[in-house]
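1. The sequence and its predicted three-dimensional model are supplied below.
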Amino acid sequence: MSKKIALVGAAHVHTPGFVKAMIAKSDEVTVKYVYDHDAARAEKYAGELSSETAELDTILNDDEIESVVICSETIHHEALVSKCVDAGKNMFIEKPIGMGAEDSKAMAEKIGSSGLLFQTGYFMRSNPIHIFLKNEIAAGNFGTITRIRVSNCHGAALGGWFDTDYRWMADPAISGCGAFGDLGTHVLDIMLWLRPTKPVSATGSIQLGTRTYEGCDEFGEGIIKFEDESIGIIAGAWVNVDNPVTLEIAGTEGHATVFKGKLYYKSEKRDGADGEEWTDLPDAIPRAFDIFLEHVTGDTTHPLVPINEAANVCITMDAIYKGASNNIWQDIHI
C-alpha cells in the first residue's frame, strides 16, 4: 500500500527536485496534501503532485499522514517541527535545519527524544569519493590529519537565481544566512562527517560581494580549529564562475585532492595511491531525499543523517558567522 505523506512548505529552491522525486516514486508514496502559507505556491505544487491543498492542522490531524517534507522558509522550521513532532510525523527538513545555534539545538532535542524518522538534505554524503575518503581516514591511511579544505561555490548571484520565486533565500532575516551559509552548510557537513573529532572554535571572513541582494553575504571562508589540533577551512559563494578544487585533505601519511570531480590520492599505506587519479571507488548511494523516501516505505538500507549531526553543522556555522562578524575566535559548544 502506498504511504501517504504531505509537503509542508514549498518555498525552497530544491522543492521542484523533491517534487519530481516524489512523482517518480508515486507507486510507493502518495502526496495527499500540500500546505504553504502562500496559497498560490501551494496550489502550484498540489497541481503537479495531483494532491489537494490543506491547512496545516488538517495534515497534523490526519492519521493517514505518517511523514512530512518540510521545505518552508528556514524561519518557520522550528514552529513547524514542534507541531509535527507533537503530531507524531516523521520529517524531512531541508537544510539548514535552523536559523542558528539555539533553534537548531531546540529542534534536535525535540526530534531526538521523539523516536521519529528525521532526514535533511546533505546529499554530498552520497558521493562515492566522499564515501571512499571517509573509509580511508577511518582505516588510518592518511596518518594524522592536519588540514581539510572543502569548497562549494557557484554563480547564483551572478545569474540572478534568487531574484524572483526564491528571493527569501537571499534575505538572512528569513533564511538565517546568505551564500556562505547556504552552500557552506553542505561542505561543513562533509568536513564534520569525514572523521570523529570535535570542532572547538571558529572564525572567518564573510563578504557582501556584488551586493546583488542588499544586506546578504555572497561569499566567504570559514576556519575551524578541532580538538585534535587540526584545521578545517570551508568556502561558500554565489559569485564563482568555476569551482575546480572542491576538497583537499592533508595528512602525515596521505594526501587527497578532488579536482573537477576527479580524485587524486597519495598514501604510503595504500598500494597504487601514488598521487595520480584514483578510480577504484565505491558505488554511489541514493541522495539524501531519496533515502528519506526509502525509509518512509520501510527500506532502511542506507543511513539517515542523525539529527544531532544536522544540528552540529548549524551550531558550528553559527560560530563561524559570529567569529567573522566580531573578528574573534568563537567557541563552539556541541
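-> Alright, I've got the coordinates.
2. Give me the number of neighbouring residues for V239.
-> 17 (other C-beta atoms under 10 Å). C-betas here are computed from N, CA, C, even on glycine.
3. Kindly report the same for V29.
-> V29, neighbours per other C-beta under 10 Å, totals 21.
4. Let me see the contact set for it.
-> 2-3, 5, 22, 293, 296-297 (C-beta atoms under 8 Å, 6 or more residues apart in numbering).
5. nearest to S151, of those?
-> L293 (29.3 Å; C-beta to C-beta).
6. quick one: the closest one from G88, how far?
-> 19 Å (C-beta to C-beta, to the nearest Å).
7. Please apply the same query to L247.
-> In terms of C-beta to C-beta, L247 sits 39 Å off from G88.
8. all strands of the stretch 51-200 of the chain, in order?
-> 52-53, 65-71, 90-93, 118-120, 145-153, 199-207 (DSSP state E, counting those that start in this stretch).
9. Just put those in a markdown table and tack on mean neighbour count, distance to I328 and mean pLDDT.
-> Supplementary listing: those in a markdown table, determined by neighbours: other C-beta atoms under 10 Å; distance: least, C-beta to C-beta, whole Å; pLDDT from 0 to 100:
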| stretch | mean neighbour count | distance to I328 | mean pLDDT |
| --- | --- | --- | --- |
| strand 52-53 | 16 | 47 | 98 |
| strand 65-71 | 24 | 34 | 98 |
| strand 90-93 | 26 | 30 | 98 |
| strand 118-120 | 26 | 29 | 98 |
| strand 145-153 | 21 | 22 | 98 |
| strand 199-207 | 20 | 7 | 98 |
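10. List the buried residues for stretch 46-66?
-> For stretch 46-66, a neighbour-count test (16 or more other C-beta atoms under 10 Å) marks 46, 48-49, 51, 53-54, 56, 59-60, 62, 65-66 as buried.
11. again, but for stretch 167-183
-> 168-172, 175-183.
12. one step back: can you tell me which of the contacts of V29 has the most neighbours?
-> Counting by other C-beta under 10 Å, top hit in the contacts of V29: I5 with 27 neighbours.
13. Can you give the strand pairings for the strand or helix carrying it, parallel or anti for each?
-> If you go by DSSP states H and E, I5 is part of strand 3-10. Here strand 3-10 is paired, per DSSP bridges, with strand 29-35 (parallel), strand 65-71 (parallel).
14. per-residue confidence averaged over the first one?
-> So that's strand 29-35. Confidence over strand 29-35 (mean pLDDT, whole number) is 98.
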